[in-house]
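[1] what's the 3D shape of this:
(3 chains, ligands or ions: 1)
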Amino acid sequence: MKLLELKDREWTLSDLDDGPGLLRVDNGQDLLESPPDLTGISVVRLDWPQFKLGQAFTQARLLRQRYGFEGQIRAGGAIFRDQAWHAARCGVTAFEIEDGAEDGWLESLHAYPYHYQRAVTGEAAWALRHGGSA
Amino acid sequence: MSAENPGPRAQSPAKIAAGGVKKARLDGEKVITANRLTDGVVIYRAEGGAWTEDLSAAQVLEGEEAIGALAAAQADESTGVGPYLMDVETEEGIHPSGRGRIREEIREAGPTIHPQFGRQAERGAA
Amino acid sequence: MYQYDDIDKAIVQARVDEFRGQVARRLTGELTEDQFKPLRLQNGLYLQLHAYMLRVAIPYGTLSADQLRVLASIARDYDKGYGHVSTRQNMQFNWPALVNVPDILQRLCDAEMHAIQTSGNCIRNVTSDPFAGAAAGEVEDPRIWCEVIRQWSTFHPEFAFLPRKFKIAVTASDEDRAAIQVHDIGIQLRTNDAGEPGFRILVGGGLGRTPYIGHVVRDFLPRDQLLSYLEAILRVYNVHGRRDNLFKARIKILVNEMGEEAFTHAVEQEWEEIRKLGPSGSVDLPEAERARIAGFFREPDFAALDDTDFRADPDDAGYARWLSRNVSAHKRPGYAIVTVSLKPEGEAPGDITADQMDALADLADRYSFSDVRTTHEQNMVLPHVRQADLPALYAALSETGLGSANAGLVSDIIACPGLDYCNLANTRSIPVANRIQKRFSDPVRQAEVGELKIKISGCINACGHHHVGHIGILGVDKKGEEFYQVTLGGRADAEAAIGEIVGRGLATDQVVDAVEKLVDTYLSLRTGPEERFIDAYKRLGAEPFKEALYETA
Ligand code: SF4
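    As a prediction, this is how the structure comes out:
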């Protein structure tokens, strides 16, 4: 397994490491009311036990937009490449991927030139239509 | 897949369907059926693992042999999508039977409301 | 109607390209079927009994004549010459080959159409009033808000993998022609006491295994805050909705398990949180974008006409019946709304051939500002027809088999595809519909019976909306035989109600007799022709009907 990390429009590939500062958040954990304890945490790993368990998309967005987490949010488990751009727009910045799979993941991550709605990343179409931010 | 969340395969090693979401038992004579990947056409598994559109050319299986062949069909997804065992009876040819009979007759022949479509149309023309 | 700009085009084109790649990956074996299935479903592609089925989105049921011609060309070139209007205003093709679907999507894309999110556990095609922009009494055209929701929900990154599918309907008048009370979210545009426009928001309606009427979670939401409010509802659902049991995963179950009050509270609280992001983080549309979208739904160039007495004594009895059943009042004098029935006797309800699509497109060009609608009752609508053109339009429709004068009558049956096409079906639906049509084929008798909505589903998934049929018919499997359960008193209008099950299931050959008995009972008990079946049922309750059904059955 490798770690594909996105940084602005760049990307890096590295070996997976579970160093200190990594927090694993369970897919079922409800972050609506309160955040996990993020003190000293630089990486939050979100989990997709099955691809269709989509709560983690909300978790990512809450971590970024409600709790202001600025470290790495990493996606692992059964998430597959065709879902990756959804996760990225919700604030995920790194993906655990199979060795040699990065080309496919990057292709999927960049499949869409525009987005309709505002999320964590990617300007909304309506903002572009009316000259930058609304 | 975690232990709490076994995948569909792990829960049901062989889908012995009587059609749609209905379950059936591993009793009696079976044929493996699926839809063809490229166009969805209904197909049946013949001896040796080839697929055929002709139910009368299908391989009739029972018991463990049926389960084994089904596992092989499931492992190869290049032609047949969603293979399962359907009930048949083999007096005078091979015909769907059991709980899924109406469904399998319609799959084999075509929609009853549109006799101009499906294999029933070709037979009608012949 | 809405027209794509470069951004819309680029997004839909990217989807076509993406799916072309995904099909290729499936064919080479890079994707397993388990992986491919959710991807094809999010493009409306099912695997049914005989073939794949492609469900094309018709956003809020609005088509241009040219788009209808493109659908006709797809039916001809890639299918078997027909399409099927579904109960969600979409068009389904029953026979496309997987290998051709990317080309079909390309053709749709070139005509500003797609099949995005017509299946899968995501926000589905938004539905609306087929008379939108034509009926009197609207606050404004509801399709403005449907388009706003379409854009917001398309590829919403957070809500593409919900616990279950999610359906939204929007109306803008007190008359509900979009069944908003039986949707996951029903939205009614209205004005408050101060005359300001806003929304009443209902959540948790739905049919299927456990039917519910939606709860009002907000009686009045200011118009410009719709999207943030929807986002709050969807987020609460995505976090708390059940994923352990397929049959308990819809939002209606969540609302009822949490309780209406607790659910509403959770939504309001989440909405407050979302609003704290302020304007720079807001998901709500700026006024300029709302106005841009609204600009596409301006009224067509209506002529200044006077109303005519077009209903007065036509000599042709068929035309007279058509006028009384299929022609509705328009908001502008001199115009009328025409329902084009896709329910001729003996055909599959909702089917329309490629030739009929082309003919209808021509008629839309000639008589209705090129505007065509699909309805959730599986018919089509020409919304803006001059009253003076009605005779010519009727003649032209009749010539192409689209002149059935039965809108709202006993033969205007909603029926899902059932076991003739659907992989999940217990029983067939369409043959039952056809037999009922045949029994009541005398148009005079149909007219005498008056409005009667029969709805048939081939399994408990209720795509045929049987729960809200005045007479509902549900197919059940009994040891491999087709049986049908009858419900009474359902309705999907402003007084929405779930029908009551009246007794044991009936065998195929008993169903038509049962419907006839119900109709005869109604005729013998009604106070007069102006008391419709559903009114009589409301007054009398189920008892007399049950008695009639089961005393000799
Ligand atoms: S109600 Fe059942 S049979 Fe009918 S279309 Fe829906 S899933 Fe299929």
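
[2] So, low pLDDT: which residues of chain A?
    By pLDDT under 70, the low-scoring segments of chain A are A:132-134.

[3] those strands in it, which residues are they?
    If DSSP state E is used as the criterion, the strands of chain A fall at A:2-7, A:10-15, A:22-25, A:43-48, A:72-77, A:94-97.

[4] for stretch B:90-105, which positions count as buried?
    Neighbour-count burial for stretch B:90-105, with 16 or more other C-beta atoms under 10 Å in any protein chain shown as criterion, is recorded at B:94-105. Placement of C-beta: from N, CA and C, glycine included.

[5] want to try CSV for those residues, with secondary structure and distance to chain A as columns?
    CSV is the format used below for the buried residues of stretch B:90-105 (DSSP: H, G, I helix; E, B strand; the rest coil; distance: C-beta to the nearest C-beta, whole Å):
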residue, secondary structure, distance to chain A
B:Ile94, coil, 37
B:His95, strand, 38
B:Pro96, strand, 33
B:Ser97, coil, 35
B:Gly98, helix, 32
B:Arg99, helix, 29
B:Gly100, helix, 27
B:Arg101, helix, 33
B:Ile102, helix, 32
B:Arg103, helix, 27
B:Glu104, helix, 30
B:Glu105, helix, 34
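
[6] Say whether chain B is contacted by stretch C:450-458.
    No: Stretch C:450-458 is not in contact with chain B by C-beta under 8 Å from any C-beta of the partner chain; minimum separation 9.9 Å.

[7] Export only the CA atoms of that stretch, formatted as CSV.
    C-alpha atoms of stretch C:450-458 as CSV (Å, rounded to 0.1, in the frame of the first residue of the first chain):
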residue,chain,number,x,y,z
GLY,C,450,-65.6,9.6,-13.7
GLU,C,451,-62.3,10.3,-12.0
LEU,C,452,-60.8,7.1,-10.7
LYS,C,453,-57.0,6.5,-10.2
ILE,C,454,-55.9,2.9,-10.3
LYS,C,455,-52.2,2.3,-9.5
ILE,C,456,-50.5,-1.0,-9.8
SER,C,457,-47.1,-2.2,-8.4
GLY,C,458,-45.5,-5.5,-9.1
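
[8] rewinding a little: now render the strands of chain A as TSV, adding mean neighbour count and distance to chain C.
    Converted to TSV, these look like this (neighbours: other C-beta atoms under 10 Å in any protein chain shown; distance: least, C-beta to the nearest C-beta, whole Å):
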stretch	mean neighbour count	distance to chain C
strand A:2-7	17	14
strand A:10-15	11	19
strand A:22-25	16	13
strand A:43-48	22	9
strand A:72-77	21	12
strand A:94-97	22	14
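
[9] hang on, isn't A:Trp48 packed against A:Arg74?
    No: judged on C-beta atoms under 8 Å, A:Trp48 makes no contact with A:Arg74 at a distance of 11.3 Å.

[10] can you give me how far stretch C:330-343 is from the chain middle?
    Here stretch C:330-343 is found 18 Å from its chain centre; the criterion is C-alpha atoms, centre = their mean, to the nearest Å.

[11] buried ones in that stretch?
    In terms of neighbour count (16+ other C-beta under 10 Å), stretch C:330-343 has its buried residues at C:330-332, C:334-343.

[12] do the same with stretch C:183-201
    Residues of stretch C:183-201 classed as buried by neighbour count (16+ other C-beta under 10 Å): C:183-190, C:198-201.
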